[in-house]
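Trainee: Generate a structure from the sequence data that follows.
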Amino acid sequence: MSDINIKGTFNTPSILFNKKENHLIIEGRSTLENPVIFYKPLISKIKDGIKFPDGKMEIDFKLEYFNTTSSLVILDVLKQLHSLDSPGNEVIINWYYDEEDEDLLEIGEDYSMILNFPFNLVVNQN
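Mentor: You can find the predicted model right below:
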């Protein structure tokens, strides 16, 4: 997968992937009416396969808010990323939330449980 640098807007998150560091960051808001169109290129790149030169990939989900339609596509992104986890290819998912935002924490816990994959639940240090 090549580097990705999509600048966020009020309705779309920024998506940054640094191939050299195997680090993906999805940050901001996702309030799209049709999020499939926005996330499709990312999902396609993940499906095409990511090779981990050092055996590890770290993903930071730093979403401050997302609507219901985005939540299903975000789950699909997480499923695709989880599918890359295998012996020799470790996937680490960091789910960031504000300390007072119990809803976002619960969503991270729910996604982790749905995927049967442990997330690092991280309080934002703002």
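
Trainee: who does the longest strand seen in the chain pair up with?
Mentor: Ranked by number of residues, the top strand in the chain under DSSP state E is strand 56-66. Looking at strand 56-66 with DSSP bridges, its partner strands are strand 23-30 (parallel), strand 90-97 (parallel).

Trainee: okay, the top helix by length along the chain in CSV with CA atoms only?
Mentor: Using DSSP state H to define each element, the chain has its longest helix at helix 68-83. Output of helix 68-83 as CSV, limited to C-alpha atoms (Å, rounded to 0.1, in the frame of the first residue of the first chain):
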residue,chain,number,x,y,z
THR,A,68,-24.7,6.0,12.1
THR,A,69,-24.0,5.5,8.4
SER,A,70,-20.3,6.0,8.9
SER,A,71,-20.2,3.6,11.8
LEU,A,72,-21.0,0.6,9.6
VAL,A,73,-18.3,1.5,7.1
ILE,A,74,-15.8,2.2,9.9
LEU,A,75,-16.6,-1.4,11.2
ASP,A,76,-15.8,-2.6,7.7
VAL,A,77,-12.4,-0.8,7.7
LEU,A,78,-11.7,-2.4,11.1
LYS,A,79,-12.6,-5.8,9.8
GLN,A,80,-10.3,-5.4,6.8
LEU,A,81,-7.5,-4.3,9.1
HIS,A,82,-8.1,-7.2,11.5
SER,A,83,-7.9,-9.6,8.6
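
Trainee: Quick check: Asn94 touching Leu63?
Mentor: No: shown here, Asn94 and Leu63 do not form a contact pair, counting by Cβ atoms under 8 Å, at 11.7 Å. Bear in mind the C-beta positions are built from the backbone N, C-alpha and C, glycine included.

Trainee: if we look at stretch 103-123, which residues are touching it?
Mentor: Residues outside stretch 103-123 that contact it (Cβ atoms under 8 Å, 6 or more residues apart in numbering): 61, 63-65, 71, 74-75, 78-79, 82, 85, 92-99.

Trainee: In PyMOL, select just the buried ones from these.
Mentor: The following PyMOL line selects those of the contacts of stretch 103-123 that are buried, judged by 16 or more other Cβ atoms under 10 Å:
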select buried, resi 61+63+71+74+78+82+92+93+95+96+97
